[in-house]
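# have a look; sequence and predicted model below, questions after that.
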Amino acid sequence: DTGVSQNPRHKITKRGQNVTFRCDPISEHNRLYWYRQTLGQGPEFLTYFQNEAQLEKSRLLSDRFSAERPKGSFSTLEIQRTEQGDSAMYLCASSPRFRYHQETQYFGPGTRLLVL
Amino acid sequence: EDQVTQSPEALRLQEGESSSLNCSYTVSGLRGLFWYRQDPGKGPEFLFTLYSAGEEKEKERLKATLTKKESFLHITAPKPEDSATYLCAVAQGETSGSRLTFGEGTQLTVNP
């Protein structure tokens, strides 16, 4: 399988705990995105990397959220001091870089977080 | 601010009953419009990318079209396995590789 992979697929945690999610993009895709999706809504953009550089962050990404892509390959998304409002599906997507057109983003299966 | 509105929110069809889903958008400088299919508990699955008004793309029973203000996803003779949520998104930003802004989706149910 050469698609985007995410781990874990499900995470249940208690309020106040820290959690970390991992995303492995499609090989040779240099762009990686994180989105959050709540029930009945479309995905909302969180942040975006080109190689190891974090180029854009949403206002949704509070100080409790941090994302890294240390070697330009996999990425991690950490949420510190989780709150019940953080419960959502966290989606990762990757895309290649084309010169003239907006490249297509391919999504992983997501990590579903439940904060009790 | 860029906005994407999908209608209807939910649609029930009988197998073989063709219909269309709508995606209206407001964006300064469209860099691409995307259609995805999402099954419950899974990530969005890419269907189509449209770049300019008048463009059309087809895949099996699905056909996507684009105008300057909206896009349609036409479903011809749908089957129960076409049941899913269909998401529309627009590329936002001054440069390629930027965020997608999604609509809330249309939940399609096809009854046998």
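Cool, the structure landed.
# from here on, contacts and neighbour counts on C-alpha atoms
Will do.
# beta partners for residue 37?
Going with chain A. With DSSP bridges as the criterion, residue A:37 is bridged to residue A:89.
# hmm, no, I was thinking of chain B.
Beta-bridge pairing of residue B:37 under DSSP bridges involves residue B:45, residue B:86.
# so how far is residue A:28 from it?
Noted for residue B:37: a distance of 24 Å to residue A:28, by C-alpha to C-alpha, to the nearest Å.
# same thing with residue A:21?
Counting by C-alpha to C-alpha, the gap from residue A:21 to residue A:28 is 21 Å.
# okay, and for chain B, where does confidence drop off?
Scanning chain B for pLDDT under 70 picks out B:1, B:93-97.
# try it again at 80.
Along chain B, segments meeting pLDDT under 80 span B:1-2, B:28-29, B:92-98.
# need the residues of it near chain A, please.
Within chain B, the positions near chain A by C-alpha under 8 Å from any C-alpha of the partner chain are B:31-32, B:34, B:41-46, B:49, B:51, B:87, B:91, B:96-105.
# which non-adjacent residue is nearest residue B:80?
residue B:110 (4.7 Å; C-alpha to C-alpha, 6 or more residues apart in numbering or on different chains).
# pull the contacting residues for that neighbour.
Counting by C-alpha atoms under 8 Å, 6 or more residues apart in numbering or on different chains, residue B:110 makes contact with B:12, B:13, B:14, B:15, B:78, B:79, B:80, B:81, B:82, B:83.
# direction included, what does the helix or strand hosting it pair up with?
For residue B:110, the element it lies in under DSSP states H and E is strand B:106-111. Here strand B:106-111 is paired, per DSSP bridges, with strand B:10-14 (parallel), strand B:84-91 (antiparallel).
# only alpha carbons, please: show the longest one as CSV.
Meaning strand B:84-91. Coordinates of the C-alpha atoms in strand B:84-91 are reproduced here as CSV (Å, rounded to 0.1, in the frame of the first residue of the first chain):
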residue,chain,number,x,y,z
ALA,B,84,-21.3,8.2,0.8
THR,B,85,-20.7,11.8,1.7
TYR,B,86,-19.4,13.9,-1.2
LEU,B,87,-17.2,16.8,-0.3
CYS,B,88,-16.3,19.8,-2.5
ALA,B,89,-13.2,21.9,-1.8
VAL,B,90,-11.5,24.9,-3.3
ALA,B,91,-7.8,25.6,-3.3
